[in-house]
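>>> Below is the sequence, then the predicted model.
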Amino acid sequence: MSAFLPSPMMVHRLRSVDEFVAFRRREASALAAHQAEIEALVPRRERAFKVDGFSYTAGRVVSFEVDFKYSWAAGVVNWRERVCCPVTGFNNRMRGTIHLFDLEMDTYPDAQIYVTEQVSSFYRYMTARFPHAVGSEYIGDRVPLGTADARGIRNEDLTRLTFSEDCFDAVVSLDVFEHIPDFLAAFRQCARVLRPGGRMFWSVPFIASNHANLIRAVVRDGCVEHLQPPEYHADPLSSDGVLCYQHFGWEMLEQVKRCGFRDAYALCYFSRAFGYLGGEQFLFVARK
């Protein structure tokens, strides 16, 4: 492996599609160079390959492992879900999430944190760093909300959380809100359980060129009505997957503020040095 030191990572805080358009205009040359560089990394034939970079979660230079798993077309790398650290196992998306959480959330080790997942390597990582972190999954009516099943998995519905008001310093939700038909109720619940000044940190499928959300399915009279072809994402608790009800646009930030937060913004980032490849990526922060 050649010597490799991380260069500073630029993080852009954006609040609207107009700010995003201005960002792309301002950073056009850097984005084009990034795209050209990652295209040059991809072998002509589909085979696993390696990319050197600095793994934030490992704290050192590694050879990231890249393949064509989860690709949506031949010869295309799903950069967000690959570029895996051989030390920690975290892919591009998870390494970036942990890195940006540390940069943006200003969270102390004794913080009270609610993570809207429990059966994941991310949750295990968070509980190792934050002993007071609490996680959950939605497991339906198998056990009452707010209680755990025989495996120790806590059952919570994000639209009607059982936690008391103002009890958490931070809420972390990764790729969950898109699976909730009434996502506004979920935003309101997250605001309710956060202390004043607390922050929500989340990711969702995001259409950066859209102001409006893309609603893929709705629930009417207890039945799912598909407005777009059904899209299912991986579910750690079921091989059937879980339905995606919406992809979000910039109006999501306005909706979050109407649900009890005083500010909300996107973190837009990319970095060849840290292995955050595939163009600009997005995470979101809201402050109560």
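Great, that's in hand.
>>> in the stretch 1-150 of the chain, which spans are helices?
17-26, 28-41, 92-104, 121-129 (DSSP state H, counting those that start in this stretch).
>>> helices and strands around the second one, which ones?
For helix 28-41, the elements it packs on are strand 276-287, judged by 3 or more Cβ pairs under 8 Å, 6 or more residues apart in numbering; DSSP states H and E. (C-beta placed from N, C-alpha, C; glycine too.)
>>> Now the strand it packs on - C-alpha only, PDB.
Extracted in PDB, the C-alpha atoms of strand 276-287 (Å, rounded to 0.1, in the frame of the first residue of the first chain):
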ATOM      1  CA  TYR A 276     -16.500   8.600   0.600                       C
ATOM      2  CA  LEU A 277     -16.900   7.900  -3.000                       C
ATOM      3  CA  GLY A 278     -19.600   8.200  -5.600                       C
ATOM      4  CA  GLY A 279     -20.400  11.900  -5.600                       C
ATOM      5  CA  GLU A 280     -22.000  14.100  -3.000                       C
ATOM      6  CA  GLN A 281     -23.700  12.200  -0.100                       C
ATOM      7  CA  PHE A 282     -26.200  13.500   2.400                       C
ATOM      8  CA  LEU A 283     -26.900  13.200   6.100                       C
ATOM      9  CA  PHE A 284     -29.300  15.500   8.000                       C
ATOM     10  CA  VAL A 285     -29.400  17.300  11.300                       C
ATOM     11  CA  ALA A 286     -32.200  19.000  13.200                       C
ATOM     12  CA  ARG A 287     -32.000  20.900  16.500                       C
END
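>>> ok, back up a step: of the helices of the stretch 1-150 of the chain, give the one that comes closest to residue 228.
helix 17-26 (20.6 Å; Cβ to Cβ).
>>> Which strands or helices does that closest one pack on?
Packed against helix 17-26 by the contact rule (3+ Cβ pairs under 8 Å, 6+ apart) you find strand 11-14, strand 263-271.
>>> what's the angle between that helix and strand 263-271?
Angle of helix 17-26 versus strand 263-271, following axes from the mean of the first three to the mean of the last three Cα atoms, to 10 degrees, is 20 degrees.
>>> What about residue 212, how many residues nearby?
Residue 212 is flanked by 12 other residues according to other Cβ atoms under 10 Å.
>>> and it, how far is that from residue 267?
Distance of residue 212 to residue 267, computed by Cβ to Cβ, to the nearest Å: 21 Å.
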